[in-house]
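1. mind folding the following:
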Amino acid sequence: MKIIGRKERADLPALALFNIEVKVDTGAYTSSLHCESIIEIDGGISCQFLNLMNANSSVESIVFTDFGKRKVKSSNGIEEERYSIWTKICLGEDIFDIELTLTNRSEMRTPLLLGRKFIRKKYLVDVAKKEILKK
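-> Prediction:
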C-alpha cells in the first residue's frame, strides 16, 4: 500500500476541478466535496462547484442524472441527508472511482475530504506528512 499524507492535492477532471487541496480524515466514513448549490431538475440535480482554494476558478453548473442520497452523521452527531455522486479522482499517478457526498464546505479549510471508505485498502496515512503524492 502507498503512503498518503494528512493533506494532499487531487484532480476531479470530470468536474473540471484541478489541484484541489484535500484533507485526509480517517475519522470520517464518507468523502465529501464542497458544492455551492444543488437544484433538483427533471429527475436530475444541477450542481455548482467552486474550487475554494483557487480564486480564479469559475462556477459552472453540472447536471447529474445518476446520483444518490445518503445519510451522513457529522462530527457533532447531527445527521443530515446529502446527495452523492460518483466520479474519478486523480491522486498523484493514481486514478480511482470515488463516491462523494455533496455539501457546503465553505466554512472548512479544504473543499474536499477523503474518508476511510475511500482510503481503505488503498493508502496508509502518515499524519506527520503533507502532499506525498505530488505528480
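
2. what ranges does this structure have for its helices?
-> Taking DSSP state H, the helices of the chain run over residues 116-119.

3. neighbouring strands of the lowest-mean-pLDDT helix or strand in it in the sheet, and parallel or not?
-> Using mean pLDDT, DSSP states H and E, strand 60-64 stands out as the lowest-scoring helix or strand of the chain, at a mean of 83. Strand 60-64 sits in its sheet next to strand 44-49 (antiparallel), going by DSSP bridges.

4. contacting residues around the strand it pairs with?
-> Residues from elsewhere that reach strand 44-49 (C-beta atoms under 8 Å, 6 or more residues apart in numbering): 15-17, 33-40, 59-65, 67, 83, 85, 102. Every residue, glycine included, has its C-beta placed from N, CA and C.

5. one more: stretch 31-39?
-> By C-beta under 8 Å, 6+ apart, stretch 31-39 touches 12, 45-50, 52, 59, 72, 82-83, 98-106, 108, 111-115, 117-118.

6. so where's the longest strand in the chain?
-> Secondary structure of the chain per DSSP state E: the longest strand is strand 79-91.

7. packing partners of that one?
-> When contacts are defined as 3 or more C-beta pairs under 8 Å, 6 or more residues apart in numbering; DSSP states H and E, strand 79-91 packs onto strand 2-12, strand 44-49, strand 68-73, strand 94-103.

8. from the contacts of stretch 31-39, list the buried ones, please.
-> Burial by neighbour count, 16 or more other C-beta atoms under 10 Å: within the contacts of stretch 31-39 this picks out 12, 45, 47, 49-50, 52, 72, 82-83, 98-103, 105, 111-115, 118.

9. follow-up on the earlier one: turn the helices and strands packed on strand 79-91 into JSON lines, including distance to Tyr123 and mean pLDDT.
-> Listed next are the helices and strands packed on strand 79-91 as JSON lines, based on distance: least, C-beta to C-beta, whole Å; pLDDT from 0 to 100:
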{"stretch": "strand 2-12", "distance to Tyr123": "4", "mean pLDDT": "95"}
{"stretch": "strand 44-49", "distance to Tyr123": "24", "mean pLDDT": "88"}
{"stretch": "strand 68-73", "distance to Tyr123": "21", "mean pLDDT": "90"}
{"stretch": "strand 94-103", "distance to Tyr123": "9", "mean pLDDT": "95"}
